[in-house]
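> Task: produce atomic coordinates for the following.
(2 chains)
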Amino acid sequence: MTALLELKDLTRSYGSLAAVDGVDLKVMPGERHALIGPNGAGKSTLFATVAGTLRATGGQVLFSGADVTSLPESERARRGMLRTYQHSSLFLGCSVLDNVALAVQRVHRVAHRFDRAAWRFRRAEAEANRHLDSVGLADRAGAKAAALSHGERRQLEVAMVLAAQPTLVMFDEPTAGMSAAETERFVELIQRLPGNLTLLIVEHDLDVVFRLADRVTVLHLGRVLASGPPERVQGDPQVQQAYLGTARTEDLFIEAGDR
Amino acid sequence: MTAASEVESSYERQDGDVVAGPARRRGPRGPLVAVPVIALLVAAPLVLGPYPVTTMTRILAFAVLVLSVDLLTGITGLPTLGQAAYFGVGGYTAVLTGLHVTSDAAVQVVAALAAGVIAAAATGWVAVRARGIVFLMLTLAIGESVHQVADTWKAVGGSNGLSGMPPISLFGGPPIIAAGFVYWWVLAVAIVVFAAVALVARSPYGRTLRGVRDNEARMRALGYRPTLARFGVFCLAGGVAGAGGALWVSQARFISPGDLGFEIAALALLSVVIGGRGSLWGPCLGAAVVLLVRDNLSAYVGGHGPLVLGCLFVAVVFLVPRGLAGLTAPTGVRRPAGPAGAHRRESAS
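Predicted coordinates for the structure are as follows:
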């Protein structure tokens, strides 16, 4: 079985600093893959490089076996690689329905039609409403996105991404800033997603990671420290030293200084 | 079966029946206001003298230009000072058509519209790569360049402009000279253009444009090409401005470089700000206010019309930041204050 997403020696440097340093990673179809690591490990940079928001300075990104390293973000999204943002990134001046409909109408290839009012494209509108309903925002369809609470905004993000018909969804710290109840709702929402949808999740909250993920990759100082099932990664002494709390903090600084 | 279609069908199972389409954007107030307003506009020549009617004709033509600015500035979020160029291209095309080809006003409008689209397509690809202040400056440069060409090119009369255009006619009929008939023609075209722009604003493409305005990075992440969407609307706006130019000359039967200068571009942008960005009828009202202050009120205040306009602009910015259209908006649509408003500014930067 070929990997849905494969990173080969992926590197992203800022000047002489390699924020992502030769990362190799395989994500199989249907996998829930979590990416964790201490602050400054390069998670967000890796994430943005995979999504195409940042250009790689070395290595390759393969999606469904095709090299997408040189493709812009919009082209990767068209192929089914969709990302969310750490800070909700919505269309705040538009209605909640419009936010989701923007994703749907691109997939339906009607995004540049202006011969009819939007509500006359009934298939697209119904699908947008269905996606809103699935994340529990159906009764907010007419509200401005700016009027939503933080948790509702995260729900809307999920609806938008799913409406774009992804094969791989990349979540960038989805539960950051959420209350415990909101996190709980979010985890349930993710668990309800169909099993053949592939997820790559960058997450700080290890509780969430170990509940959702069936594979975990630990990133440390731009490199892959460990990768495997959650139990194995949790037991890995190197990981514990670097991340899970038993490390003496000065070790991190020594290692960082040596580089 | 792809993962995405699986997602879709799992929702299908959840809700069973398909959700009905959303409520129509336009509230029930829409036709209630539009019908009397159009009736009043149609009846105007029956009760007014020729001079006020010609003023209204000019306002309508200018309002079409303002609509094109609103399409860019209000809906797509691109402040422009270049639309007067395409307005002028349309005006010159209409006069040249009238002088050399036909006096049929419909042909002139179509020719001007096409010329506006072509001119916008030829120059817009540079401008649409930028946004914000850079876009503003690029459109200003385009506007000034076109003005310079009109001012120096002998084939279009140079700084004297083009005069002697025969009166317009319609569908092979006799020449239309009476101000009232010209007004009705201009009103009819302006209503058609208004309806067309309103349709664009409410179409999926209009939604795409508002998406580009609100959050371009997110549009890319959803698979859109924002530059392409901006280029499309730039061409459309060029066509609308071109049609406005044809209407402008149908009354005056004359055009000069002054009709496509910086002043017209600035007044058009001012009308959009006064009327309320993103609304369609607001900027049309703004167009009327701006032209009336500049041309008619000016005489009563010792030629200080521009000063009045300046004060009006400052007053609007401080007192009604959402323009005339913002005065009637239901409170629910107003941008919420507090954290949500702060988020908006954050994401806009």
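> what about the longest helix in chain B?
What stands out as the longest helix in chain B, according to DSSP state H, is helix B:226-252.
> does any bit of that helix sit next to chain A?
Yes - interface with chain A: helix B:226-252 contributes B:Ala229, B:Gly232 (CB under 8 Å from any CB of the partner chain). C-beta: built from backbone N, CA, C; applies to glycine.
> For the stretch 51-200 of chain A, which segments count as helices?
Assigned by DSSP state H, counting those that start in this stretch, the helices in the stretch 51-200 of chain A fall at A:73-78, A:96-107, A:122-134, A:150-163, A:180-191.
> For those, give me TSV that also has distance to chain B and mean neighbour count.
Output for these, formatted as TSV (distance: least, CB to the nearest CB, whole Å; neighbours: other CB atoms under 10 Å in any protein chain shown):
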stretch	distance to chain B	mean neighbour count
helix A:73-78	4	21
helix A:96-107	5	28
helix A:122-134	4	22
helix A:150-163	5	23
helix A:180-191	12	15
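> among those, which is nearest B:Ser103?
helix A:96-107 (43.5 Å; CB to CB).
> The closest one packs against which elements?
helix A:122-134, helix A:150-163, helix B:204-214 (3 or more CB pairs under 8 Å, 6 or more residues apart in numbering or on different chains; DSSP states H and E).
> That helix versus helix A:150-163: what angle between them?
20 degrees (axes from the mean of the first three to the mean of the last three CA atoms, to 10 degrees).
> contacting residues around helix A:96-107?
A:90-91, A:94, A:111, A:118, A:121, A:124-125, A:127-129, A:131-132, A:137, A:140-145, A:148, A:156, A:159-161, A:163-165, B:22, B:204, B:207-208, B:210-211, B:219, B:222-224 (CB atoms under 8 Å, 6 or more residues apart in numbering or on different chains).
> got any ranges where chain B has weak pLDDT?
Flagging of chain B using pLDDT under 70 yields the residue ranges B:1-30, B:329-349.
> Tell me where it has strands.
Using DSSP state E, no strands are found in chain B.
> How much space separates the most centrally placed residue in it from A:Asn129?
Taking CA atoms, centre = their mean as the criterion, B:Leu67 is the residue nearest the geometric centre of chain B, at 1.7 Å. Look at B:Leu67 and A:Asn129: by CB to CB, to the nearest Å, they are 31 Å apart.
> Next, A:Asp21: secondary structure please.
strand (DSSP: H, G, I helix; E, B strand; the rest coil).
> What is the burial count for it?
Applying other CB atoms under 10 Å in any protein chain shown, we find 21 residues neighbouring A:Asp21.
> Check what pLDDT it gets.
The confidence metric pLDDT takes the value 89 at A:Asp21.
> Okay, helices next: where are they in the stretch 51-200 of chain B?
Counting by DSSP H, counting those that start in this stretch, the helices of the stretch 51-200 of chain B are B:83-100, B:105-127, B:132-152, B:179-202.
> tilt between the first one and helix B:132-152?
Which is helix B:83-100. 30 degrees.
> Now do helix B:83-100: which elements does it pack against?
By 3+ CB pairs under 8 Å, 6+ apart, helix B:83-100 packs against helix B:50-70, helix B:105-127, helix B:132-152, helix B:226-252, helix B:262-275.
> how about the CA coordinates for the first one, as PDB?
In other words, helix B:50-70. Provided in PDB are the C-alpha atoms of helix B:50-70 (Å, rounded to 0.1, in the frame of the first residue of the first chain):
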ATOM      1  CA  PRO B  50     -34.900  70.400 -19.200                       C
ATOM      2  CA  TYR B  51     -32.000  71.600 -17.000                       C
ATOM      3  CA  PRO B  52     -32.700  69.400 -13.900                       C
ATOM      4  CA  VAL B  53     -33.400  66.500 -16.300                       C
ATOM      5  CA  THR B  54     -29.900  66.900 -17.900                       C
ATOM      6  CA  THR B  55     -28.400  67.000 -14.500                       C
ATOM      7  CA  MET B  56     -30.100  63.800 -13.600                       C
ATOM      8  CA  THR B  57     -28.900  62.200 -16.800                       C
ATOM      9  CA  ARG B  58     -25.300  63.100 -15.800                       C
ATOM     10  CA  ILE B  59     -25.900  61.700 -12.300                       C
ATOM     11  CA  LEU B  60     -27.100  58.400 -13.700                       C
ATOM     12  CA  ALA B  61     -24.100  58.100 -16.000                       C
ATOM     13  CA  PHE B  62     -21.800  58.900 -13.200                       C
ATOM     14  CA  ALA B  63     -23.600  56.500 -10.900                       C
ATOM     15  CA  VAL B  64     -22.800  53.700 -13.400                       C
ATOM     16  CA  LEU B  65     -19.100  54.600 -13.000                       C
ATOM     17  CA  VAL B  66     -19.500  54.600  -9.300                       C
ATOM     18  CA  LEU B  67     -21.100  51.200  -9.400                       C
ATOM     19  CA  SER B  68     -18.000  49.900 -11.200                       C
ATOM     20  CA  VAL B  69     -15.800  51.400  -8.400                       C
ATOM     21  CA  ASP B  70     -18.100  49.800  -5.800                       C
END
